[in-house]
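Student: Structure, please.
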Amino acid sequence: MDSLPTESFPVEEHQTEIDDRRRSIGYANLAKLDPQYGLYTSVVPPLIYALMGSSREIAIGPVAVVSLLLSSMIQKIEDPIANPIAYRKLVFTVTFFAGAFQAVFGLFRLGFLVDYLSHAAIVGFMGGAAIVIGLQQLKGLLGSFTRTAVNFSAGCQTAVSNIVMAITVLVSLELLTRLLYFTPLAILASIILSALPGLIDISEAYHIWKVDKLDFLVCTGAFFGVLFASVEIGLLTAVTISFAKIILHSIRPQIEVLGRIPETEIFCDVKQYPMAIKTPGIVIIRVNSGLLCFANANFIRERIMRWVIEEDGTEENSSGGIHVVVLDMSNVTNIDTSGILALEEVHKKLVERGIQLAVGNPRWKVIHKLKVAKFVDRIGKGWIFLSVSEAVDACFGSKMVVDPCTSV
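Tutor: The predicted structure is shown next:
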């Protein structure tokens with residue numbers, strides 16, 4: 001059995017403990033509490049995580065943003081200076097229920113809710129929180145990452161580091177608590193100041209701007225929400241913009257006209273691949289949406305008909321017109337009744353123009369719903385194909401469309 005690196009073990013644990021102790025004091029000040037309460041929070045959580053946690057690097061303890069959120073929320077109810085006892089009772093009550101809610105979320109596996117807070121939102125949120133903390137005399141820091149980074153860089157290899165840290169802090173509480181009363185606020189501020197520059201990631205914000213402008217909007221929304229309103233408003237703004245982004249993409253999906261790559265059976269977007277060749281008499285349209293539903297059904301229907309009208313007037317189709325519209329459904333994973341009604345309206349309008357509708361590569365769930373809704377019977381079972389290539393070949397085989405390669 002491999003043995004632990006005992007030679008460096010004590011130094012590593014005490015390095016983490018020293019960093020944790022000084023930051024915990026600063027976080028208590030940020031939460032408008034006496035310094036010893038910051039040390040109290042560094043005793044029990046590390047012991048619990050050492051027994052139940054899975055990561056060997058992470059170090060558990062108070063963090064700056066939670067302290068900032070706690071003080072900004074409770075100060076609206078009770079003044080920590082005028083009535084410190086009532087303020088502390090409210091803090092204890094809030095933290096108890098926060099832990100209870102976290103336990104319930106873990107029991108019901110609701111951790112996926114964090115996924116709605118995007119990376120861009122976190123970057124903006126951290127930057128805004130850093131400036132707010134700095135403006136409040138630099139009394140706090142987004143500390144969980146720094147504590148963990150110190151723990152990792154010190155070379156700690158087991159969860160025992162949390163136990164040693166908790167024991168050392170407990171000894172400090174017994175022997176050094178009286179000295180904390182005389183700790184100058186300037187020292188607490190300097191503790192936080194040492195780590196503030198790393199919280200505002202300007203390079204990452206610029207990278208987000210270059211990659212995705214909507215993501216940058218989420219980032220700036222979180223940043224200015226925290227900076228000019230509150231931590232809660234900043235988070236709410238970021239989540240709201242993120243949801244609006246998701247809704248925008250879902251109700252306005254891309255509709256592409258496809259063409260065949262020469263000497264292949266591959267059909268690609270003609271705008272993305274200019275070498276792709278459109279097939280005369282056939283319009284191949286792909287819906288780039290995982291869900292064809294009530295939110296985007298009307299938009300998709302209108303876009304399909306607009307493409308049909310535009311393609312009908314192009315040079316390739318000016319002589320014989322359009323005979324078949326092939327709808328590539330490979331990206332559609334689900335469909336609801338509104339989506340089926342939209343397809344029925346598309347089919348009806350195409351029939352009025354003398355055009356046949358074909359469906360290529362539908363997913364199992366989609367084709368099952370189309371069968372139940374009798375849509376397959378309306379367009380004909382012979383017009384459902386496994387692939388777009390098969391649909392195009394069937395059009396040539398039925399002589400609805402003349403193959404340009406054989407007509408010469």
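
Student: contacting residues around stretch 214-230?
Tutor: If you take Cβ atoms under 8 Å, 6 or more residues apart in numbering as the criterion, stretch 214-230 is touched by 72, 118-125, 127-129, 131-132, 205, 208-209, 233-238, 240-242, 245, 248. From N, CA and C alone the C-beta is placed, and that goes for glycine too.

Student: In strands, which of those appear?
Tutor: Nothing among these maps onto strands, per DSSP state E.

Student: could you measure Gly259 against Val283, distance?
Tutor: 10 Å (Cβ to Cβ, to the nearest Å).

Student: try Ile81
Tutor: 73 Å.

Student: Please apply the same query to Val63.
Tutor: For Val63, the distance to Val283 equals 57 Å [Cβ to Cβ].

Student: More neighbours: these two, which one.
Tutor: Val283 (25 against 21; other Cβ atoms under 10 Å).

Student: Report how many residues lie close to Phe101.
Tutor: 11.

Student: Same question for Leu327, what's its three-state structure.
Tutor: Here Leu327 is strand, with the state taken from DSSP: H, G, I helix; E, B strand; the rest coil.

Student: distance of the residue lying closest to it once chain neighbours are set aside from Phe267?
Tutor: Take Leu327 and drop its neighbours on the chain: the residue closest to it by Cβ to Cβ, 6 or more residues apart in numbering is Val359, 5.2 Å away. Plainly put, Val359 is 14 Å away from Phe267 if you go by Cβ to Cβ.

Student: Tell me which of these two has more neighbours.
Tutor: Phe267 (27 against 24).

Student: Which residue is the nearest non-sequential neighbour of that one?
Tutor: Among residues not flanking Phe267 along the chain, Leu258 sits closest, at 4.2 Å (Cβ to Cβ, 6+ apart).

Student: Check the one you found and give its pLDDT.
Tutor: Leu258 carries a pLDDT score of 95 in this model.

Student: Equivalent analysis for Ser24, please.
Tutor: On the pLDDT scale, Ser24 gets 76.

Student: and it, that one's in a helix?
Tutor: Yes: counting by three-state DSSP, Ser24 falls inside a helix.

Student: Would you confirm that it contacts Thr41?
Tutor: Yes: using Cβ atoms under 8 Å, Ser24 is in contact with Thr41, at 6.4 Å.

Student: what is in contact with those two at once?
Tutor: Gly61, Pro62.

Student: Looking only at neighbour counts, state which of the two leads.
Tutor: Between Ser24 and Thr41, counted using other Cβ under 10 Å, the more crowded position is Ser24 (27 against 23).

Student: Quickly note the distance from the more buried one to Ala50.
Tutor: Counting by Cβ to Cβ - Ser24 and Ala50 are separated by 17 Å.

Student: Low-confidence ranges, the stretch 51-200 of the chain, go.
Tutor: 57, 59, 136-166, 168-199 (pLDDT under 70).

Student: mind listing the helices for it?
Tutor: Ranges of helices in the stretch 51-200 of the chain, per DSSP state H, counting those that start in this stretch, are 64-74, 84-107, 119-135, 143-153, 160-180, 185-193.

Student: just the angle between the third one and helix 64-74, please?
Tutor: Here helix 119-135 points in a direction 70 degrees away from that of helix 64-74 (axes from the mean of the first three to the mean of the last three Cα atoms, to 10 degrees).

Student: residues of helix 119-135 that come out buried?
Tutor: 120-134 (16 or more other Cβ atoms under 10 Å).

Student: and it, what does it pack onto?
Tutor: Applying 3 or more Cβ pairs under 8 Å, 6 or more residues apart in numbering; DSSP states H and E, one finds that helix 119-135 contacts helix 64-74, helix 202-211, helix 213-228, helix 231-251.

Student: As JSON lines, the ones you listed with distance to Leu291 and mean neighbour count would be great.
Tutor: Formatted as JSON lines, the helices and strands packed on helix 119-135 follow (distance: least, Cβ to Cβ, whole Å; neighbours: other Cβ atoms under 10 Å):
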{"stretch": "helix 64-74", "distance to Leu291": "35", "mean neighbour count": "21"}
{"stretch": "helix 202-211", "distance to Leu291": "25", "mean neighbour count": "13"}
{"stretch": "helix 213-228", "distance to Leu291": "19", "mean neighbour count": "21"}
{"stretch": "helix 231-251", "distance to Leu291": "7", "mean neighbour count": "17"}
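
Student: can you tell me which of the ones you listed the model trusts least?
Tutor: Lowest mean pLDDT within the helices and strands packed on helix 119-135: helix 64-74, at a mean of 83.

Student: Tally up the residues packed near Ile261, please.
Tutor: 14.

Student: Give me the most central residue, the protein.
Tutor: Nearest residue to the geometric centre of the chain (Cα atoms, centre = their mean): Ser118, 3.4 Å.

Student: I figured it was touching Ser242, is that so?
Tutor: Yes: the criterion here is Cβ under 8 Å, and Ser118 meets it with Ser242 at 5.3 Å.

Student: so where do the helices sit in the stretch 301-408 of the chain?
Tutor: Using DSSP H, counting those that start in this stretch, the helices of the stretch 301-408 of the chain run over 337-352, 364-372, 375-379, 388-397.

Student: Of those, which shows the lowest average pLDDT?
Tutor: Least confidently modelled of those is helix 388-397, at a mean of 88 by mean pLDDT.

Student: In that helix, which residues are buried?
Tutor: The neighbour-count check on helix 388-397 (16+ other Cβ under 10 Å) flags Val388, Ser389, Ala391, Val392, Ala394, Cys395, Phe396 as buried.

Student: give the contact list for the fourth one.
Tutor: Val392 makes contact with Arg260, Thr279, Ile282, Ile284, Val326 under the criterion Cβ under 8 Å, 6+ apart.

Student: go again using 6 Å as the cut-off
Tutor: By Cβ atoms under 6 Å, 6 or more residues apart in numbering, the contact list for Val392 reads Thr279.

Student: how near is it to Arg378?
Tutor: Counting by Cβ to Cβ, the gap from Val392 to Arg378 is 22 Å.

Student: Counting neighbours, what do you get for the closest residue to Gln75 other than its chain neighbours?
Tutor: Nearest residue to Gln75, sequence neighbours excluded (Cβ to Cβ, 6+ apart): Lys32, at 6.9 Å. Counted with other Cβ under 10 Å, the neighbours of Lys32 add up to 21.
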